[in-house]
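Visitor: what's the 3D shape of this:
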Amino acid sequence: KGEGHVEGEKVENPDTGLYYDEYLRQVIDVLETDKHFREKLQTADIEEIKSGKLSRELDLVSHHVRTRLDELKRQEVARLRMLIKAKMDSVQDTGIDHQALLKQFEHLNHQNPDTFEPKDLDMLIKAVS
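Guide: Numbers count the residues shown, from 1 in each chain. All right, here's what the predicted structure looks like:
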């Protein structure tokens, strides 16, 4: 009825259908808590985002934000490992290549499971687009 958006009100975004949708949302939410990164994100055009230029801004976010992103990445890696284990248990084939399974998850750098780096943000952006 003509009511505007209330400041601080959380807007629900539709599900993207991506198997890592929750991780994507959490990364965006954490990045938007950093004032500098939020300003860069708001002024960046789609080509800057897709090209990875925005990912380099990750080095300038606060320590608290980086710590939270590292934690999110570790949780996502643990979730993916659980999915891989469930897949292995269901197949019961000893010839499964674990690295090949990990490579199918292209939204994060699986070779560095502990810290969220600019490469992770770049991979997440490229996977989404």
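Visitor: Quick one: residues in contact with stretch 17-24.
Guide: D15, T16, L72, E76, R79, F105, H107, L108, L124, A127, V128 (CB atoms under 8 Å, 6 or more residues apart in numbering). Placement of C-beta: from N, CA and C, glycine included.
Visitor: Name the nearest residue to A44, ignoring sequence neighbours.
Guide: L54 (5.2 Å; CB to CB, 6 or more residues apart in numbering).
Visitor: which residues sit against the helix or strand containing D120?
Guide: Using DSSP states H and E, D120 maps to helix 118-128. Helix 118-128 has contacts (CB under 8 Å, 6+ apart) with 16, 18, 20, 23-24, 27, 31, 49-50, 52, 54-56, 58-59, 69, 73, 106-109, 112.
Visitor: From the chain's centroid, how far away is it?
Guide: Remark: helix 118-128 is offset 7 Å from the chain centroid, using CA atoms, centre = their mean, to the nearest Å.
Visitor: Can you list phi and psi of the most centrally placed residue in the chain for me?
Guide: For the chain, the residue sitting closest to the mean C-alpha position, by CA atoms, centre = their mean, is L24 at 4.1 Å. L24 adopts backbone torsions of phi -60, psi -50, taken as degrees, to the nearest 10.
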